[in-house]
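In: Provided below for reference: sequence and predicted model.
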Protein chains: 2
Amino acid sequence: MERIKRNERLGVMLSTLSQTPNQIHTLGEFCEKLDAAKSTISEDIDILRKALDKHGLGELSTIAGAAGGVRYRATVGREQARAFLEELAHRLSDPGRLLPGGFLYTSDVTAHPATARMLGRLLAQLYYDAAPQLVLTMETKGIPIAMMTAHMLDAPLVIARRDSRAYEGPAVKINYIAGGSGEKIETMALARRSVRPGQRVLIVDDFMKGGGTLQGMVDMMGEFQAQVVGVGVMIATAQPQQKKVKGAKSLLVLDPSGPNRGVERVTPSDIY
Amino acid sequence: MERIKRNERLGVMLSTLSQTPNQIHTLGEFCEKLDAAKSTISEDIDILRKALDKHGLGELSTIAGAAGGVRYRATVGREQARAFLEELAHRLSDPGRLLPGGFLYTSDVTAHPATARMLGRLLAQLYYDAAPQLVLTMETKGIPIAMMTAHMLDAPLVIARRDSRAYEGPAVKINYIAGGSGEKIETMALARRSVRPGQRVLIVDDFMKGGGTLQGMVDMMGEFQAQVVGVGVMIATAQPQQKKVKGAKSLLVLDPSGPNRGVERVTPSDIY
């Protein structure tokens, strides 16, 4: 049998790893697939790790121990993150995007694969250490970003609904106070079988104004006895400063009355 | 300056290409980034193409002409597709998943990154030649799969809503006949600015029973003067055989009264 060359091994390993972000692959998996010794695979990983690192294309890590192996994370450097967020903020500052009620039209942006992917990378990166086992969002606009965050974290996505539909089976239903103005009582439902007690949950959404919907999701996780390890959103309004949910992180800030009033309504937050 | 070695170039190129499926990158982009001649980059592409092909990890193609370059598609071989669909069908055949009304609980499966990714690959693969410029789905359950299909096609995702929300701006609203039984009239709304006349649209959803919702999406695209180039779903019921929408392709079939009645309710269709 023909020996598999290094170039080929590198291609196979990198393709496999980058298509399954944050998933640990054992060295044995690659040894078998590529008919190579562990030491050879380790050298290959070292080559790939250095190349990705040098060009800011993500992180390859070796994890020791019984559950160990190699894992790819699509991490983003501060400079690249900042450039992306500046450009995104500029696009979202287009006056034509402002809708009645202080909302912003963002669906075209959040559902564009390149943007959703990068937002997923940036949100996932904030919570790698918290090791979420689930990503929770509420329908509808946040789902594309939440899905890409889930993809980057290798964690299942769970979607809360405005009402429980027949085809999701038994559901837990809660009321929550939505909207910065008006304080409307809304309902949120989540399939009973979607979350198990004790699971570590990251909450992701596209937009935060009063924070009521996000706090509703936190309360919902309380009903499931799950543990919220983080709340991350794409964009938060500057007002009200006090949000109903505590500790949420936002990549962008919407401030129509900010210092650049009428010019740049959206700016990157200080996270990246 | 130190010359960049082939191993490093391969890592950078493959990482970039596989993170941006179906997107054409010019050779010039890599020449510049990697300080290499076009002939060298072409050789690199050839090495990667062969490695991916040999191990069933997708397709690298060189496109000639002014808009040309190199493009990665996460294609799946027939054998791998079949094995995945058999396994998925088996999981979905669990009697505990059957819900009142002939529905199936699938949310845990469709929103798991590994599954959603593979479903996205399989659906995208059916429509590469149709070159869709948009992927359309209707909220909520189909969004994760539709998003991964959009990611694989490098096409924006557009989401129709059950009602138009204030924060999406002006919308087009239509009525459509939903449900195989009952023939209920439902409403569907889509933001006016989300689709332009003449755009090529692929419709994706998780579940098809009567096909009314999918036909509603086709009608909606008529209102936008857009062109539907395909309709793809994860799972379709065997009954009714006549669907309201024509030409839909489904990866799986749900047939509670099939030859394996009560054992394997879900089986792969004959597409893969």
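Out: Received, thanks.
In: Name the residues of the stretch 101-250 of chain A found near chain B, please.
Out: Residues of the stretch 101-250 of chain A found near chain B (C-beta under 8 Å from any C-beta of the partner chain) are A:101, A:103-105, A:107-108, A:111-114, A:116-117, A:139-141, A:143-144, A:147-148, A:150-151, A:153-159, A:161, A:166-169, A:191, A:193-194, A:207. For every residue, glycine as well, the C-beta is placed using N, CA and C.
In: which residues in the stretch 1-150 of chain A form helices?
Out: A:6-19, A:27-34, A:38-54, A:78-92, A:107-110, A:113-126, A:143-153 (DSSP state H, counting those that start in this stretch).
In: how about the longest one: buried residues?
Out: Of the residues in helix A:38-54, those scored as buried under the neighbour-count criterion (16 or more other C-beta atoms under 10 Å in any protein chain shown) are A:T40, A:I41, A:D44, A:I45, A:I47, A:L48, A:R49, A:A51, A:L52.
In: doesn't A:V70 make contact with the fourth one?
Out: Yes - assessed by C-beta atoms under 8 Å, A:I45 is found in contact with A:V70 at 5.4 Å.
In: Touching both of those two, which residues are there?
Out: Common contact partners of A:I45 and A:V70 (C-beta atoms under 8 Å, 6 or more residues apart in numbering or on different chains): A:L27, A:L60, A:T62.
In: got CSV for those, with distance to A:D35, pLDDT and neighbour count too?
Out: CSV is the format used below for those (distance: C-beta to C-beta, whole Å; pLDDT from 0 to 100; neighbours: other C-beta atoms under 10 Å in any protein chain shown):
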residue, distance to A:D35, pLDDT, neighbour count
A:L27, 13, 95, 20
A:L60, 21, 96, 24
A:T62, 21, 95, 14
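In: filter these down to the ones near chain B?
Out: Applying C-beta under 8 Å from any C-beta to the shared contacts of A:I45 and A:V70, none is adjacent to chain B.
In: of those, closest to A:L10?
Out: Distance to A:L10, by C-beta to C-beta, is smallest for A:L60 among the shared contacts of A:I45 and A:V70, at 11.4 Å.
In: And the pLDDT at the residue nearest to the closest one when sequence neighbours are not counted?
Out: The shortest distance from A:L60 to any non-neighbouring residue, by C-beta to C-beta, 6 or more residues apart in numbering or on different chains, is to A:R49 (4.1 Å). With respect to pLDDT, A:R49 scores 96.
In: Next, the contact list for A:R49, please.
Out: Residues near A:R49 by C-beta under 8 Å, 6+ apart: A:E59, A:L60, A:S61.
In: among the residues you listed, which are in strands?
Out: Of the contacts of A:R49, the ones assigned to strands by DSSP state E are A:E59, A:L60, A:S61.
In: quick one: low-confidence ranges for the stretch 151-272 of chain A?
Out: A:164-167, A:180-182, A:258-263 (pLDDT under 70).
In: how about the strands of it, start to end?
Out: In the stretch 151-272 of chain A, the strands defined using DSSP state E, counting those that start in this stretch lie at A:157-160, A:171-178, A:184-191, A:200-208, A:227-237, A:249-254, A:266-268.
In: With distance to A:P21 and mean neighbour count as added columns, please give those strands in TSV.
Out: As requested, the strands of the stretch 151-272 of chain A are exported to TSV (distance: least, C-beta to C-beta, whole Å; neighbours: other C-beta atoms under 10 Å in any protein chain shown):
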stretch	distance to A:P21	mean neighbour count
strand A:157-160	14	26
strand A:171-178	30	16
strand A:184-191	26	17
strand A:200-208	15	25
strand A:227-237	17	22
strand A:249-254	19	21
strand A:266-268	23	21
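In: I'd like to know which of these is closest to B:E223.
Out: Closest approach to B:E223 among the strands of the stretch 151-272 of chain A is made by strand A:200-208 (25.8 Å; C-beta to C-beta).
In: quick one, the closest one and strand A:227-237 angle?
Out: Angle, strand A:200-208 to strand A:227-237, by axes from the mean of the first three to the mean of the last three C-alpha atoms, to 10 degrees: 10 degrees.
In: What strands line up against strand A:200-208, and which way round?
Out: strand A:134-138 (parallel), strand A:227-237 (parallel) (DSSP bridges).
In: Out of these, which is closest to A:F84?
Out: Nearest to A:F84, of the strands paired with strand A:200-208 and by C-beta to C-beta, is strand A:227-237 at 11.9 Å.
In: now the angle from that closest one to helix A:143-153?
Out: Using the same axes, to 10 degrees: strand A:227-237 against helix A:143-153 is 130 degrees.
In: from the middle of its chain, how far away would strand A:227-237 be?
Out: 9 Å (C-alpha atoms, centre = their mean, to the nearest Å).
In: now do stretch A:203-213
Out: That offset, for stretch A:203-213, works out to 14 Å (C-alpha atoms, centre = their mean).
In: A:V195 contacts A:M217, correct?
Out: No - look at A:V195 against A:M217 with C-beta under 8 Å: they stay out of range, at 11.0 Å.
In: Pull up the overlap in contacts between these two.
Out: Contacts common to A:V195 and A:M217, judged by C-beta under 8 Å, 6+ apart, are A:L136.
In: Look at those two and report which has more neighbours.
Out: A:M217 (26 against 22; other C-beta atoms under 10 Å in any protein chain shown).
In: Chain neighbours aside, what residue packs nearest to that one?
Out: Going by C-beta to C-beta, 6+ apart, A:M217 has A:I203 as its nearest residue, at 4.9 Å.
In: Likewise for A:S194?
Out: Counting by C-beta to C-beta, 6+ apart, the residue nearest A:S194 is A:V158, at 4.7 Å.
In: same thing with A:G56?
Out: Closest to A:G56 by C-beta to C-beta, 6+ apart is A:G77, at 4.7 Å.
In: roughly how far apart are the one you found and A:L202?
Out: Per C-beta to C-beta, to the nearest Å, A:G77 is found 22 Å from A:L202.
In: again, but for A:H112
Out: 22 Å.
In: circling back to that earlier point, chain B: which of the shared contacts of A:I45 and A:V70 is nearest?
Out: A:L60 (9.4 Å; C-beta to the nearest C-beta).
In: So the closest one is in contact with A:L17, correct?
Out: Yes - between A:L60 and A:L17 there is a contact at 6.9 Å, judged by C-beta under 8 Å.
In: what sits in contact with each of these two?
Out: Residues touching both A:L60 and A:L17 (C-beta under 8 Å, 6+ apart) are A:L48, A:V70, A:R71, A:Y72.
In: Write the PyMOL selection for whichever of these are buried.
Out: Buried residues within these, by 16+ other C-beta under 10 Å, are selected in PyMOL with:
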select buried, chain A and resi 48+70+71+72
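In: which of the shared contacts of A:L60 and A:L17 come close to chain B?
Out: Taking C-beta under 8 Å from any C-beta, the overlap between the shared contacts of A:L60 and A:L17 and the neighbourhood of chain B is A:L48.
In: So which of the shared contacts of A:L60 and A:L17 is the closest to chain B?
Out: A:L48 (5.1 Å).
In: close enough to count as contact, the closest one and A:G11?
Out: No - checked against C-beta under 8 Å, the pair A:L48 and A:G11 is beyond contact range at 10.0 Å.
In: Next one: A:M1, what pLDDT does it get?
Out: pLDDT at A:M1 comes out at 44.
In: and the residue nearest to A:N7 when sequence neighbours are not counted, what does it touch?
Out: Spatial nearest neighbour of A:N7, excluding adjacent residues (C-beta to C-beta, 6+ apart): B:I47 at 5.0 Å. Shown in contact with B:I47 (C-beta under 8 Å, 6+ apart): A:N7, A:E8, A:G11, B:R6, B:L10.
In: before we move on, the earlier item: let me know the distance separating the residue nearest to A:G56 from A:R49.
Out: 15 Å.
In: and if you look at A:A89?
Out: A:A89 sits 32 Å away from A:R49, going by C-beta to C-beta.
In: ditto for A:A191
Out: Going from A:A191 to A:R49 by C-beta to C-beta gives 40 Å.
In: again with A:A124
Out: Using C-beta to C-beta, A:A124 is found at 19 Å from A:R49.
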